[in-house]
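[1] from the sequence below, what's the structure:
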Amino acid sequence: MLSDRSPIFAAVLAAGKGTRMRSNRAKVLHTICGVPMVNYAIAALKPLAPERTLVVVGHQADEVRAVLPSGAEPVLQREQNGTGDAVRVALEEIEEGEGTLLVVNGDGPLISDATLARLVERHLEAGVGATVLVAELADATGLGRVMEDAGVVRIVEERDATEAERGVRLVNLGLYAFELSEIRRALSLIGSENDQGEVYLTDALSIIGERSRAVTCLLENLEEANLVNDRAHLAKAEEIVRRRILDAHMRAGVTVRDPVSTHIEASVEIGRDTVILPGTFLRGGTKIGSDCVIGPSADLLDTTVEDGALVEHSVGRGAVVGAGASVGPYAYLRPGTVLGGASKVGAYCEVKNTTVGAKSKVPHLSYVGDAQIGEGANLGAGTITANYDGKDKHRTEIGDGVFTGINTNLIAPVKIGEGAYLGAGSVVNKNVPAGKLVVGMPARVIRDAPTNSKKESGGETDVDDGRRDGTEA
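    Numbering: from 1, shown residues only. This is a model prediction of the structure:
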């Protein structure tokens, strides 16, 4: 076991700008399935339990520091003077002594913990000063070729390679295992006398090989050889990671009808027997329960959907959809929306910062914002809560069992009492007593609500004159 050997230290190289990305953002900050690229390399290291995981930051250092997971220690490379200098910066944080330094790339999101473990095992079993991870590729264009001879490993960049060397298919992947004492010594001997004026880590291999031998470790899964240097590489890496995520969910009991058109980020949780239909995007901290149907064409970000709910052709942002609730088609649930069990938000509705009680319905063509809706209420088509007076937002309270007719406007702050009935086209700007029927612009009480058992009053009275803070007058 690796834990029985000398201590392992890890250095993640994440200081470069990544000019080929043509981006204002540091390369390692670009996300793959919702996760910054650099964090995939850090996650692959975790099962090896390094004594320390040092992340060398440089370009946009503060931004990179901000995304690092717990346990990763950023160290600053003040000037980007090459990979050798980046490793030197990491070594300054490690006390003198025995151990293995594992060097990985922050732009290698597809590397697995199994491959890193094999690299370290190969290094320790060979008893050498350095081990480099290599891959044998059918097309090695643009990559450094690896030459191995009697314990000495050389990396020849394509621009410097001879015709015979360009025919070599063994390439350097930029992942290494070094004995701490050997890499310290080698870096002290390397200069920056080259056309880039940088310290190259590859130069350390020859130095170490001549003193304490160096060997290669052949990559088994060529999919992991994909480093991200430009946007095309980024898209390819995302395709691979997305497929891995979908495969994991399907093995765990989730049905994904069309994996090609389904995008699920790494942080999303989904319960068994849920069905994900084509064109669906699940992102951020979204959590889906069991026996749900999501999609087609749903887009949920940081949204919770409880067991047995349906969300189709709709958008959710920071919302909660209760068990057995139904959403859509073409609904928009904005932050702060909480739908109770078996409730419904239907076609072309927008809900914001609102709690909808159990079994209540907002079936179609409505806007409900900054509201509290009780249980068993029904809002007719086109019901609007006018929550903004041009300066401040105000709340609307709708009691249990309330029924609103079509095109009802509720001018907040306003309270609609339990069991009240609002006629079609009503404009309500004052509190409505429980169990009353109101109609008109402005709305006036004309009698008890149709479902109220009390005798109808027969007379027309004003709606209760509530104060603008929502309390009774």
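
[2] identify the residues contacting the nearest residue to Val228 once chain neighbours are set aside.
    Residue nearest to Val228 in three dimensions, not counting chain neighbours: Asp107, with 4.7 Å by CB to CB, 6 or more residues apart in numbering. No exception for glycine: its C-beta is placed from N, CA and C like everyone else's. Each residue near Asp107 by CB atoms under 8 Å, 6 or more residues apart in numbering is listed here: 14, 16, 18, 27-28, 37-38, 227-229.

[3] check which helix or strand covers Asp107.
    Using DSSP states H and E, no element contains Asp107; it sits outside every helix and strand.

[4] on that earlier part again, wait, which of the contacts of Asp107 is closest to Ala266?
    Lowest distance from Ala266 to these (CB to CB) belongs to Met37, with 11.8 Å.

[5] count the residues that sit near that closest one.
    Number of residues near Met37 (other CB atoms under 10 Å) recorded here: 26.

[6] for Arg65, see how far away it is.
    15 Å (CB to CB, to the nearest Å).

[7] what's the answer for Ala177, then?
    As judged by CB to CB, Ala177 and Arg65 stand 26 Å apart.

[8] who has more neighbours, those two?
    Ala177 (26 against 15).

[9] surely the more buried one forms part of a strand?
    Yes. Counting by DSSP: H, G, I helix; E, B strand; the rest coil, Ala177 is found in a strand.

[10] pop the domain breakdown of the chain in here.
    Domains of the chain are assigned by automatic domain parsing as 2-225, 254-462.

[11] and for Pro450, the neighbour number?
    Neighbour tally, Pro450, other CB under 10 Å: 10.

[12] please read the previous query as pertaining to Ala164.
    Residues near Ala164, counting by other CB under 10 Å, number 8.

[13] with Pro433 instead?
    Neighbours of Pro433 (other CB under 10 Å): 20.

[14] before we move on, the earlier item: show the pLDDT at the residue nearest to Val228.
    pLDDT, Asp107: 94.

[15] how much space between it and Ala66?
    18 Å.

[16] need the residues that contact stretch 339-359.
    By CB under 8 Å, 6+ apart, stretch 339-359 touches 306, 319-338, 360-377, 400.

[17] what's near enough to touch Val327?
    Counted by CB under 8 Å, 6+ apart, Val327 has contacts 309-312, 314, 316, 321, 333, 339, 344-345.

[18] ok, the closest residue to it other than its chain neighbours - contacts?
    Excluding the flanking residues, the one nearest Val327 by CB to CB, 6+ apart is Val311, at 4.5 Å. Counting by CB under 8 Å, 6+ apart, Val311 touches 292-295, 298, 300, 305, 321, 327-328.

[19] bridging residues for Val311?
    Ile294, Val327 (DSSP bridges).

[20] okay, it: pLDDT?
    Note on Val311: pLDDT of 98.

[21] repeat for Leu137
    Leu137 is assigned a pLDDT of 88 by the prediction.

[22] surely it touches Val168?
    No. Using CB atoms under 8 Å as the test, Leu137 is too far from Val168 to be in contact (10.2 Å).
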